[in-house]
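Colleague: let me see the structure of the following:
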Amino acid sequence: MTRNRSIASTKKTREEFPPSTGKHMLPLLATALSAALTLSACSTTEPEPEEGPPSDYVSFFWVEREIRVRTLDRMFTEGDPREIVASITDKKDRLLDTRIIQEDEGGYVVELDKDKWNTEAVHNLGQIDGALGDAMEFNEVTWCGETVTGEKFVEDYMDEFWENLDTSEEYTASIADYVDCGDGRP
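Modeller: Down below sits the predicted model:
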């Protein structure tokens, strides 16, 4: 009698879980387990070193910032710094807060030494770039022949020289020459 109960309970279990379900689940479970083991074997506990740009890499934004700052400095030399600062609109505070533009007894001066800038006064360099862009857009280059906006002057330089020089030193020399009405060739 005990034997019959065992068979009856087995039949009931097979009815609850049809045999076809188990046959299809086994390959799926085996595949999932295999994939999990493969992935865990490939993972590492040590972070991989991040690859940055080469040490002599010069970014587009660095070159554009440099030409803008050098052009703004020349604008102050050639024109009235107070008028130039007044035309920069609401973003002029960024240039003042970061100490790129500094007020002195004679008006305003541009700080060319980036180590003296207070970049912590803004969230990121993009805010400095935006303020310098406004300074270029709303002021003119009057000392190199035809009068153009500072932004046009910067765009012309970038169109001709971006990716044509290799180092920050070459760009710095090129920009200095260009701002002084040269051909920009170091």
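Colleague: strands of the chain, start to end?
Modeller: 101-104, 107-110, 140-141, 148-149 (DSSP state E).
Colleague: out of the ones you listed, which comes closest to E120?
Modeller: Closest of the strands of the chain to E120 is strand 101-104, at 16.2 Å (criterion: CB to CB). (C-beta placed from N, C-alpha, C; glycine too.)
Colleague: pretty sure R68 sits against A135.
Modeller: Yes: counting by CB atoms under 8 Å, R68 does reach A135; the two are 7.1 Å apart.
Colleague: hey, what's in contact with both of the two?
Modeller: G150 (CB atoms under 8 Å, 6 or more residues apart in numbering).
Colleague: more neighbours, these two?
Modeller: Neighbours were tallied for R68 and for A135 using other CB atoms under 10 Å; the higher tally belongs to A135 (27 against 24).
Colleague: local confidence estimate at that one?
Modeller: If you check A135, the pLDDT there is 96.
Colleague: tell me the contacts of it?
Modeller: So A135 contacts R68, L72, M75, I84, I88, K91, K92, L95, G150 (CB under 8 Å, 6+ apart).
Colleague: residue ranges with poor pLDDT in this structure?
Modeller: 1-55 (pLDDT under 70).
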